[in-house]
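A.B. asks: Structural data only, the sequence is not supplied:
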């Protein structure tokens, strides 16, 4: 991941993924993505409203962390997404919880709901040839057609943060239809 630019209301990133299959590494296409400062996809045509809510506490492993809470509502004319984001200024990862729902504007039907929450902090995790300290995030996305459950391991010492992700997708009857494992195979910092 390369930071290409920082604007008043978003960042532009270049992302490249490499897939390892049968012992061979296959480079995927480079993609340019824009994100706002709340981790949401950014488009100049979206209408966005940010509200500051009352401070709350997030509990992780029986410890409480004070959080600033923001509610971000984004609309592109077809869909409306409401996200409630819990930020900690005291520790990484700074985003401790996100609750997001997307609705079809015409029908008012809920399209999907996502909850992502830090569930563990300061656990050892092997990243390449070193043991690093990670946070574990549980992420669940539900829609009418599927449920996607992930455990995401993040380390603030690694560019991009994410060092591994285990995911399973289930059909409406609870049967696993896909499993995936993502892990960092290399990383670097370009100071140029």
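C.D. replies: Cool, got the structure. Since the structure is predicted, the reported quantities are computational estimates derived from the model, not experimental observations.
A.B. asks: Find me whatever residue is spatially closest to residue 53, sequence neighbours aside.
C.D. replies: Distances taken as Cβ to Cβ, 6 or more residues apart in numbering put residue 69 closest to residue 53, at 4.1 Å, once the chain neighbours are dropped. No exception for glycine: its C-beta is placed from N, CA and C like everyone else's.
A.B. asks: er, residue 98 I mean
C.D. replies: Nearest one to residue 98, counting by Cβ to Cβ, 6+ apart, is residue 116 at 4.6 Å.
A.B. asks: Provide a list of residues in contact with the one you found.
C.D. replies: 97-98, 137-140, 152 (Cβ atoms under 8 Å, 6 or more residues apart in numbering).
A.B. asks: Helix or strand next in line after the longest strand anywhere in the chain, which one?
C.D. replies: For the chain, the strand with the greatest residue count under DSSP state E is strand 110-127. Sequence order places strand 130-143 as the next helix or strand after strand 110-127, per DSSP states H and E.
A.B. asks: got the contact list for that following strand?
C.D. replies: 92-93, 111-127, 147-155, 157-158, 163.
A.B. asks: What residues sit buried inside it?
C.D. replies: 132, 134-137, 139, 141 (16 or more other Cβ atoms under 10 Å).
A.B. asks: tell me which residues form a beta bridge with the residue nearest to residue 98?
C.D. replies: residue 98, residue 139 (DSSP bridges).
A.B. asks: The one 10 residues further on too?
C.D. replies: Beta bridges link residue 126 to residue 131, judged by DSSP bridges.
A.B. asks: quick one: the closest residue to residue 50 other than its chain neighbours from residue 184, how far?
C.D. replies: Distances taken as Cβ to Cβ, 6+ apart put residue 72 closest to residue 50, at 5.3 Å, once the chain neighbours are dropped. Distance from residue 72 to residue 184, counting by Cβ to Cβ, to the nearest Å: 29 Å.
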